[in-house]
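**Student:** Pasted the sequence and its predicted model underneath.
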Amino acid sequence: MPALFSPRPQEDCRMVRFAKFAVLAVILLLAAALLYGLGGYLDARGDSEALRERADHLIAEGRGPEALGPGRAADLLMVQDPGFQKHGGVDFTTPGAGLTTVTQSLSKRLAFKDFKPGVRKIRQTGYALGLEGQLTKNQIYALWLNTLEMGNGPDGWMTGFFRASQSIYQKEPAALSDGEFRSLVAVLIAPVRYDLRNPSDDLHERIRRIERLTSGACTPSDHGDVWLEGCA
């Protein structure tokens, strides 16, 4: 005598069909994501020649990482992307790296007119991988510095680290005091929230944490510690 509550054959068939449909849907989604990321990668390769020329021009004009001043390019990376010199565009392990590397940050501004978090992160990452394969680290760094969002200044919204240095302090980065340089670095995490013309207590705290980090007094608590809670 069959069990009273055994599934009926029709129900078994429906469950099998549903499982097959679910697996197929997952495969299609993964394929679509891969193609979307590949599109970003190929676009970066296509843009690479013009970007190399642009980066080399910036470096020749004294707007590359070396022009920040002795040791300051390394200090900036310690805050923004501590694994930059080693990773290939993404970093899932380095303490303090967070979800966005320097290369991904640059890709957000080069590959999108209006970047929004979410699925566009896939294309952003593909573009970043393409940049890493075609440009040197120095070229990527120079382009990143030139495109950084730096918040509001005397003449409105500021874009570019060197431009912000001139606008706020009327000096090139290499001529800034350590405190002035750290102030510019501090706004990068939240340029809308922080205002260099009227520093808040939160901004002063961010600057203090950056000073502790770059002096070797502390380290980020984990991979996601971009706010430097480990240096509080």
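**Tutor:** Alright, I've got the coordinates.
**Student:** Check the gap between residue 211 and residue 182 for me.
**Tutor:** 6 Å (C-beta to C-beta, to the nearest Å). The C-beta positions use only the backbone N, C-alpha and C, and glycine is treated the same way.
**Student:** Look at these two and report which has more neighbours.
**Tutor:** Taking other C-beta atoms under 10 Å, residue 211 and residue 182 do not tie; residue 182 has more neighbours (22 against 17).
**Student:** May I ask which helix or strand encompasses the more buried one?
**Tutor:** Under the criterion of DSSP states H and E, residue 182 resides in helix 178-187.
**Student:** Just the C-alpha atoms of that helix, please, in CSV.
**Tutor:** This file holds the C-alpha atoms of helix 178-187, laid out as CSV (Å, rounded to 0.1, in the frame of the first residue of the first chain):
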residue,chain,number,x,y,z
ASP,A,178,51.9,67.6,6.2
GLY,A,179,48.6,68.7,7.8
GLU,A,180,47.4,70.3,4.6
PHE,A,181,48.3,67.3,2.5
ARG,A,182,46.4,65.0,5.0
SER,A,183,43.4,67.3,4.8
LEU,A,184,43.2,66.8,1.0
VAL,A,185,43.6,63.1,1.5
ALA,A,186,40.9,63.0,4.2
VAL,A,187,38.1,64.4,2.0
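**Student:** Show me which positions of that helix end up buried.
**Tutor:** Within helix 178-187, the residues that qualify as buried are 180, 181, 182, 183, 184, 185, 186, 187, counting by 16 or more other C-beta atoms under 10 Å.
**Student:** tell me, how many neighbours does residue 223 end up with?
**Tutor:** Here the number of neighbours of residue 223 (other C-beta under 10 Å) works out to 16.
**Student:** quick revisit: what helices or strands is the helix holding residue 182 leaning on?
**Tutor:** Here helix 178-187 touches helix 72-80, strand 149-153, helix 161-169, helix 201-214, going by 3 or more C-beta pairs under 8 Å, 6 or more residues apart in numbering; DSSP states H and E.
**Student:** what comes up buried for the longest one?
**Tutor:** Read it as helix 201-214. Across helix 201-214, burial judged by 16+ other C-beta under 10 Å covers 203, 206, 207, 209, 210, 211, 212, 213, 214.
**Student:** from those, which single one is nearest residue 161?
**Tutor:** Distance to residue 161, by C-beta to C-beta, is smallest for residue 210 among the buried residues of helix 201-214, at 14.6 Å.
**Student:** In this structure residue 78 contacts residue 212, no?
**Tutor:** No. Using C-beta atoms under 8 Å, residue 78 makes no contact with residue 212, being 11.2 Å away.
**Student:** contacts for the helix holding residue 182?
**Tutor:** With contacts defined as C-beta atoms under 8 Å, 6 or more residues apart in numbering, helix 178-187 is touched by 68-69, 72, 75-76, 79-80, 150-151, 161, 164-165, 168-169, 171, 173, 176, 194, 196, 199, 203, 206-207, 210-211, 214.
**Student:** What remains of the residues you listed if I keep only buried residues?
**Tutor:** 68-69, 72, 75-76, 79-80, 150-151, 161, 164-165, 168-169, 173, 176, 194, 196, 203, 206-207, 210-211, 214.
**Student:** helices or strands next to the worst-scoring helix or strand of the chain on mean pLDDT in the packing?
**Tutor:** Counting by mean pLDDT, DSSP states H and E, the chain has its least confident helix or strand at helix 9-60, which shows a mean of 81. The contact analysis (3+ C-beta pairs under 8 Å, 6+ apart) places helix 9-60 against helix 102-111, helix 120-134, helix 137-147.
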